[in-house]
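# Any chance you can model this:
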Amino acid sequence: MKILIAPDSFKESLEALDVCHAIQSGFSQVFPDADYKLLPMADGGEGTSAVLSYVLGGRWKKIRVHDPLMRPITAKYLLLPDATAVIEIAQACGLHLLTADERNPVIASSYGVGELIEDALEEGAKRIIIGLGGSATNDAGLGMLTALGMDFHDVDGHSLAQGGGALASLHKLDNTNLHAKISDTVFEVACDVTNPLCGLLGASAVFGPQKGACPEQVNILDNALSHFATICGQHGYQECEEVAGAGAAGGLGYALMSFCDAHLKSGFDTVAEVTNLSQHIADADLVTTGEGKLDAQTAMGKVAGGISQIAKASRTPVIAICGSVDGLKPAQTSQFDVVMPSIQKVDTIDNVLGSAYNNIETTAANIASAMRLGIEMS
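Numbers count the residues shown, from 1 in each chain. Got it, this is the predicted structure:
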């Protein structure tokens, strides 16, 4: 029996590879001779690079960049053997890099993201996969593009300051010094956010508050993003502010589409394509997947939902092991052949998170035992 184990990470408790090992350990207690294939998965957010490194190899490159407040930090990205670089923007401009008191998208910069891209270009990357998610910025890529050589000036000819608030002063932009290798590089953006750049569903209104923006700042930032898009349009750049995903990562989606001709794709679809997931599922007799919480978002581009669709298309049985099932009726979990929560007892959240490996292992063993019983009785 060929068993493909392809879960997402369990947030705040286990990385995807650890979940793989827990499921394999549980199943092996009942089916020790099964052929197990471990394929940790991600949806384009944090941990995507680690997943692709495990599956595809490659090497990590650490460099010094600037954080959202322009302080020097060390960040890393992945270089794959086929001249592909995988960059998670949170490495350079992630919200986790700031304390709660430091969060301020009016001044936070994506400059470090540009430094990561520049280094990848100099390393010879011909394809760059960028995972958007977890940013502290709302600058529509102003910082990133500045690091890549773009010049942004106000009406007096002065260079713009960093941060989303500075966009309101933009009068002229100049791409003379934009990195020459950008035009010869394929940019693919892994993005599960469908928000436009501006408006009630835009970057500022939806994500600004969690990045530290008060209501007045949200309005300032939204107007600044709108002004930025207008000026870019006047300079001949494609008007993509209404495109789904333009508002991702504080407008980095917009900047990558407009200035790097990037293609925005579902984060899960990107990872699935790079790892050849469909073929792995087709080759398996059984697929096990999972995530920390199975809820309404599972079917909206998340790993478990995406795997269930591929598995159903190839008529491969699929089991979902999760920490918990939140608010779903049986009809909403019908894309899986089995859905099994793994929490073994009522406990504190810290203990539940700390027991995740053992809970998943036990659940996998119980599922395998039920499978063996069914085989024996058939």
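
# Enumerate every residue touching the residue nearest the centre of the chain.
What sits nearest the mean C-alpha location of the chain, by CA atoms, centre = their mean, is residue 45, with 1.7 Å. Neighbouring residues of residue 45 by CB atoms under 8 Å, 6 or more residues apart in numbering: 88, 90, 131, 133-134, 190, 192, 267. All C-beta atoms are positioned from the backbone trio N, CA, C, and that covers glycine.

# same question, residue 369
By CB under 8 Å, 6+ apart, the contact set of residue 369 is residue 30.

# any idea of the pLDDT on it?
pLDDT for residue 369: 96.

# ok, back up a step: tell me the pLDDT of the residue nearest to the centre of the chain.
Note on residue 45: pLDDT of 78.

# now swap in residue 143 and tell me
Model confidence at residue 143, given as pLDDT, is 98.

# returning to what we had before: among the contacts of residue 45, which are located in strands?
Under the assignment DSSP state E, these contribute 88, 131, 190 to strands.

# And the closest residue in space to residue 91 that isn't next to it in sequence, its phi and psi?
Take residue 91 and drop its neighbours on the chain: the residue closest to it by CB to CB, 6 or more residues apart in numbering is residue 75, 4.0 Å away. With angles defined as degrees, to the nearest 10, residue 75 sits at phi -130, psi 170.

# What of the one 3 residues further on?
Dihedral angles phi and psi of residue 78 (degrees, to the nearest 10) take the values phi -110, psi 130.

# who touches the spatially closest residue to residue 104 that is not a sequence neighbour in this structure?
The shortest distance from residue 104 to any non-neighbouring residue, by CB to CB, 6+ apart, is to residue 212 (5.1 Å). Contacts for residue 212 (CB under 8 Å, 6+ apart) come out as 100, 102-105, 136.

# circling back: please give the element, helix or strand, for the residue nearest to the centre of the chain.
Under DSSP states H and E, no helix or strand contains residue 45.

# Show me where this protein has its helices.
In the chain, the segments counted as helices under DSSP state H are 16-28, 48-56, 90-93, 111-122, 142-147, 203-207, 215-234, 252-260, 267-274, 277-283, 303-313, 349-354, 356-377.

# tell me the least confident of the contacts of residue 45?
Here the lowest pLDDT out of those sits on residue 192, with 78.

# re earlier: please convert the buried members of the ones in strands among the contacts of residue 45 into PyMOL selection syntax.
Command for PyMOL that selects the buried part of the ones in strands among the contacts of residue 45, burial taken from 16 or more other CB atoms under 10 Å:
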select buried, resi 88+131+190
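
# can you put the contacts of residue 45 in TSV and add distance to residue 17?
Output for the contacts of residue 45, formatted as TSV (distance: CB to CB, whole Å):
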residue	distance to residue 17
88	16
90	19
131	17
133	19
134	20
190	19
192	21
267	18
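
# between these, which is closest to residue 351?
residue 134 (26.4 Å; CB to CB).

# Just give the closest residue to the closest one, not the sequence neighbours.
Excluding the flanking residues, the one nearest residue 134 by CB to CB, 6+ apart is residue 90, at 3.8 Å.

# how close does the one you found get to residue 75?
Separation of residue 90 from residue 75 (CB to CB, to the nearest Å): 9 Å.

# and what of residue 124?
To residue 75, residue 124 is 19 Å away according to CB to CB.

# Neighbour count for those two, which is higher?
When residue 124 and residue 75 are compared on other CB atoms under 10 Å, the one with more neighbours turns out to be residue 75, at 25 against 11.
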